[in-house]
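Peer 1: Sequence first, predicted model second:
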Amino acid sequence: MSRDTAPAGLPTIDAGTMPNGPADLPVPDRRPALPADILSGLRQRPIVLVGLMGAGKTTIGKRLALRLRVAFRDADSEIERAAGCSIAEMFERWGEAAFREGERRVIRRLLDGEPLVLATGGGAYMDPHTRALIGARATSVWLRCPLEVLVSRVAGRHHRPLLAGGDPREVLRELMAIRHPIYAKADLVIDCDNATAEHTTRSVLDGLAARAAAGAPDGTGRHNEARLPDTRLPDTRVHVPLPHHPYDILIGRGLIARAGELLATVLPQPRAMIVTDATVAALHLPALQASLAAAGIATATVIVPPGEQSKSLRGFGEVTDGLLASGPERRCSVIALGGGVVGDLAGFAAAAVLRGLPFVQIPTTLLSQVDSSVGGKTGINTAFGKNLLGAFHQPLAVLVDTAALDTLPPRELRAGYAEIIKAGLIGDATLFAWCLHNGAAIVDGSDPAMQAEAIRRACLFKAAVVADDEREERASGGRALLNLGHTFAHALEAELHYDGRLLHGEAVAIGLGLAIRLSARLGHCDPALAERVVRHLEGLGMQARIASLAQALAVGFSATGLIAQMGRDKKRQDGRIGFVLLRAAGQAFSSRDVPSSEVRALLLQEGCIT
């Protein structure tokens, strides 16, 4: 893809599209041969190749069988032989339902026989009964090909029932949208384009060997749940049941590399504009672009500098200019790939460009995965305060790739954790207790399953709150409770001019302690709760007090200055500042009846100067 060079500080605009030029020349495969014992082990369990027509299942299957020294069978040929007529004739005579039943009987017979490599028809794996049969008795491999490669390979195949009388490109594009999410359930996914058949065959062998080494099926027909490091744990879906804009949050490993098939049926048209920052682009953008391209989704990209400084009027203008430069239509989607800054900025741009473009969140930080990507709040900062310009703009979907957390520094994980424990403090005492017990494993990244569970629990909580009060319109309680600790946090961020010395989650951690201490000063909760929360956060390596933050940054915070910043907060009403307070863990409430004298006294007590 070509890339325009932008002046320093400006976003980079990538106007790339699906590959449509000549394919790269094949590179000879010089990888060493697999050991004999590995090859012998792979022969013990049938291998079933799935994918769209033109993916090369027969070509690759024959080569794979030759390398493994087992039989090769083509399911379509076996079906035609058994029926005594072509597949097209079977469709015409008996219809698809009868054909699928016969197909399943043939596949069962083949899998019950000698070890083999089996190439299936494009629709076989779509049948749930056939898919379950393959899952129980074989290892399934999806040969995933880009649209352009498939189009070139099926040219002239008019004998295919699904191609009869239709434009192959459009037929394949529609099939991708329908079938790719199901093909993604295969045990192994191999991306193959115009590389040589031998190169693709070896990629399949390497993938099967690595999977076996990780403890995958052992040849007895039982599946072992062990996975390669980059293989996903089972996906989890959290539904956000809004009356007019319901959507799903999908949580799992490797979702960025699977975004194409996951979004193919969600995006209104096969075109999207990706907004990301330079740091995230280096880590995750190529995988996202490749996945979208494989699903036939054309893309353009806007890259902004990392950090809170991009979440500004200037950054907003640069992003909207970048989006408009790609010539969007109203059904063209914006995909936010990044943390909370990118999500808020891209979401606000999506809400504004052409008076509203469809929007997808792919959050890459723990904080954005559990909080800012969910609920449709978008916005930017101004000289007068945080998030004072913005819009409610709900996403079409949220893809939470927990593997992205592997690339984060510990500081980012700690910052995200503050929003998880915040959810428990607001309205889920069970989640709060769970956090106290499991916080270390979430923050140190030693247990990906624990991280995924924390994200699921936090998203479930926030989805329920948002569904009850989507636009924060309730007079008390409701979505406003999600701002626990944020009145203090936003003031601290503003005093430091959003310069990166204090991450949002770090500010929230300090804000939580202050909000609970304020609750205790006002007689609403036990002072011991604040000490328990602060000690827990400090035990995880976080700054949880203004005094320790001031010492670490070598700055002095003014109580007068912080209160002035709170006075600019968007949650104030009738000149009174809104606070979220606690009666106990899981029992939050909102109040505007907090004397400023109490706030000042608390800030002075906590280490602020006059």
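Peer 2: Arrived safely.
Peer 1: May I ask which helix or strand encompasses Glu89?
Peer 2: helix 87-111 (DSSP states H and E).
Peer 1: again with Ile362
Peer 2: Residue-wise, Ile362 maps onto strand 359-363 under DSSP H and E.
Peer 1: That strand pairs with which strands, and in what direction?
Peer 2: Counting by DSSP bridges, the strands paired with strand 359-363 are strand 333-338 (parallel), strand 397-401 (parallel).
Peer 1: want to throw the ones you listed into CSV with distance to Thr487, mean neighbour count and mean pLDDT?
Peer 2: C-beta coordinates here come from the backbone N, C-alpha and C atoms, glycine included. As requested, these are arranged in CSV below (distance: least, CB to CB, whole Å; neighbours: other CB atoms under 10 Å; pLDDT from 0 to 100):
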stretch, distance to Thr487, mean neighbour count, mean pLDDT
strand 333-338, 26, 29, 98
strand 397-401, 26, 26, 96
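Peer 1: what's the closest non-adjacent residue to Leu553?
Peer 2: Distances taken as CB to CB, 6 or more residues apart in numbering place Arg501 nearest to Leu553, at 5.7 Å, with adjacent residues excluded.
Peer 1: Also Ser86?
Peer 2: According to CB to CB, 6+ apart, the nearest residue to Ser86 is Glu80 (5.8 Å).
Peer 1: Just give me the neighbour total for that neighbour.
Peer 2: 17 (other CB atoms under 10 Å).
Peer 1: try Ala88
Peer 2: With other CB under 10 Å as criterion, Ala88 counts 15.
Peer 1: Likewise for Ala212?
Peer 2: 19.
Peer 1: I'd like the average pLDDT over the helix or strand where it lies.
Peer 2: Secondary structure from DSSP H and E places Ala212 in helix 197-213. For helix 197-213, mean pLDDT is 83.
Peer 1: same for the helix holding Glu89, what does it pack against?
Peer 2: helix 75-83, strand 116-119, helix 128-137 (3 or more CB pairs under 8 Å, 6 or more residues apart in numbering; DSSP states H and E).
Peer 1: most packed of these?
Peer 2: Mean neighbour count (mean count of other CB atoms under 10 Å) peaks for strand 116-119 among the helices and strands packed on helix 87-111, with a mean of 25.
Peer 1: Give the pairing partners of that strand; include direction for each.
Peer 2: Strand pairing (DSSP bridges) places strand 116-119 next to strand 47-50 (parallel), strand 71-74 (parallel).
Peer 1: That strand: how far from the chain's middle?
Peer 2: 33 Å (CA atoms, centre = their mean, to the nearest Å).
Peer 1: got it, and stretch 75-88?
Peer 2: 42 Å.
Peer 1: re earlier: out of the strands paired with strand 359-363, which gets nearest to Arg144?
Peer 2: strand 397-401 (17.5 Å; CB to CB).
Peer 1: following that closest one, which helix or strand comes up?
Peer 2: Next along from strand 397-401, by DSSP H and E: helix 410-427.
Peer 1: now that following helix: mean pLDDT?
Peer 2: Helix 410-427 comes out at a mean pLDDT of 96.
Peer 1: got the angle between that helix and strand 359-363?
Peer 2: Counting by axes from the mean of the first three to the mean of the last three CA atoms, to 10 degrees, helix 410-427 lies at 110 degrees to strand 359-363.
Peer 1: What residues of helix 410-427 count as buried?
Peer 2: Using 16 or more other CB atoms under 10 Å as the test for burial, helix 410-427 gives 412-427.
Peer 1: and what of stretch 350-362?
Peer 2: So, applying 16+ other CB under 10 Å, buried residues of stretch 350-362: 350-353, 357-362.
Peer 1: circling back to that earlier point, Serialize the strands paired with strand 116-119 to TSV and add fields for mean neighbour count.
Peer 2: Listed next are those as TSV, based on neighbours: other CB atoms under 10 Å:
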stretch	mean neighbour count
strand 47-50	28
strand 71-74	19
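Peer 1: Can you add distance to Ala65 and give the ones you listed back as a markdown table?
Peer 2: Shown next, in a markdown table, are those (distance: least, CB to CB, whole Å):
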| stretch | distance to Ala65 |
| --- | --- |
| strand 47-50 | 8 |
| strand 71-74 | 4 |
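Peer 1: Among those, which comes closest to Ala463?
Peer 2: strand 47-50 (33.4 Å).
Peer 1: so how far is that closest one off the chain centroid?
Peer 2: With CA atoms, centre = their mean, you get 27 Å for strand 47-50.
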